[in-house]
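Enquirer: next comes the sequence, and after it the predicted model I'd like to discuss.
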Amino acid sequence: MIVSAGTFDPTWEFMHSFDPTWESVHRSREWARELEYWFLDVLRRRFDGQVTIKLAGQDVLDLGCGGGAIAATLAAAKLRVHAIDGSEAAVSLTRRRLAEAGLTADVRVLDAAHILESFGPESMDWVIDNACLQCCTPEAQRDIVSQIRRVLRPGGWVYSRLVGAGSWGDGLGRRIAGGCYADIPEGPAAGMGTTTFLDRDAVLALWDWLEFCGNRIVQDHRMVSEDTYSAPADPTGLRPERGGAQRWWMEWIVEGRKRADG
Ligand SMILES: C[S@@+](CC[C@H](N)C(=O)[O-])C[C@H]1O[C@@H](n2cnc3c(N)ncnc32)[C@H](O)[C@@H]1O
């Protein structure tokens, strides 16, 4: 579904899976723009330790591209990049980021719940979800992940970063569904709209068709400072570290592939 500039209204209903809070976030500050070279290494070793000889020319779908850092990195490595975001401001930023670097990509304002109808079955070699699905309800996550399965070519690869249950913010704010909250008042998810916190079983259930390989599902534990992440009252969302109390934050890094017969 396309959102045009004239239709933006912070009180609108969800297009389907996109929380319009993100439009406000992207209009109020510039999302990360640095090239994410580490990400190429993630793809090159293809999660199973084997070095991929050739990424160039492969189709990659970047879900929720934000400021375009990953999209630009992948385009620089000559992958055929298809980047989507529900936020018009994010898409503008990504387009600008690419243009400034002299790179080209297919960048669209799109709700992630519409990828199948937009790109078609078996159109992608890679689908990258760097913290987009975490912004969706569990129901929307299941829908989008089933579309990812269809959109991937046989043997195609997935990278997904999801938030772990029990991380700072889990259980706070307005409960939407099990593990899913909006209006979280504090922590890294504050001011970011809907966030779904998943335990390991929920991650395994979500990606049950995926053949995990290499690192399988990686738990990335981190302590974050109360001073770094503030309540939404801070318009930047990020403040310099001042050594405050440490809070727990955990992410699941899912790396795997669609089976050749999947
Ligand atoms: C946490 S940010 C991550 C941005 C980027 N992937 C990065 O790593 O910097 C999540 C992004 O996903 C987008 N997003 C969230 N839910 C979405 C949805 N259902 N459809 C499309 N985009 C979505 C947001 O607008 C935001 O840009």
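Expert: Perfect, I can see it now. If you're wondering where the values come from, they're calculated on a predicted model, not measured in any experiment.
Enquirer: how about low-confidence regions in this protein?
Expert: Residues of the chain that meet the criterion pLDDT under 70 lie in 1-15, 33-37, 44-53, 214-215, 230-244.
Enquirer: enumerate the residues of it near the ligand.
Expert: Residues of the chain found near the ligand (CB under 6 Å from any ligand atom) are 17-18, 22, 31-32, 64-67, 69-70, 84-87, 90, 111-112, 130-132, 135-136. The way it works is simple: take the backbone N, C-alpha and C, and place the C-beta from them, glycine included.
Enquirer: ChimeraX command for the buried members of those residues?
Expert: To isolate the buried members of those in ChimeraX, using 16 or more other CB atoms under 10 Å:
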select :17,18,22,31,64,65,66,67,69,70,84,85,86,87,90,111,112,130,131,132,135,136
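Enquirer: looking at the residues of the chain next to the ligand, which are in helices?
Expert: Among the residues of the chain next to the ligand, the members found in helices (DSSP state H) are 22, 69-70, 90.
Enquirer: buried stuff in the host helix or strand of Ala205?
Expert: Secondary structure assigned from DSSP states H and E places Ala205 in helix 200-206. Within helix 200-206, the residues that count as buried by 16+ other CB under 10 Å are 202-203, 206.
Enquirer: quick one on the thing from earlier: which of the ones in helices among the residues of the chain next to the ligand sits closest to Gln246?
Expert: Ala69 (26.5 Å; CB to CB).
Enquirer: gap between that closest one and Trp31?
Expert: Plainly put, Ala69 is 8 Å away from Trp31 if you go by CB to CB, to the nearest Å.
Enquirer: ok, Trp249 touching Gly166?
Expert: No: under the criterion of CB atoms under 8 Å, Trp249 makes no contact with Gly166, lying 9.4 Å away.
Enquirer: between these two, which one's more packed in?
Expert: Using other CB atoms under 10 Å as the criterion, Trp249 and Gly166 rank with Trp249 on top: 21 against 14.
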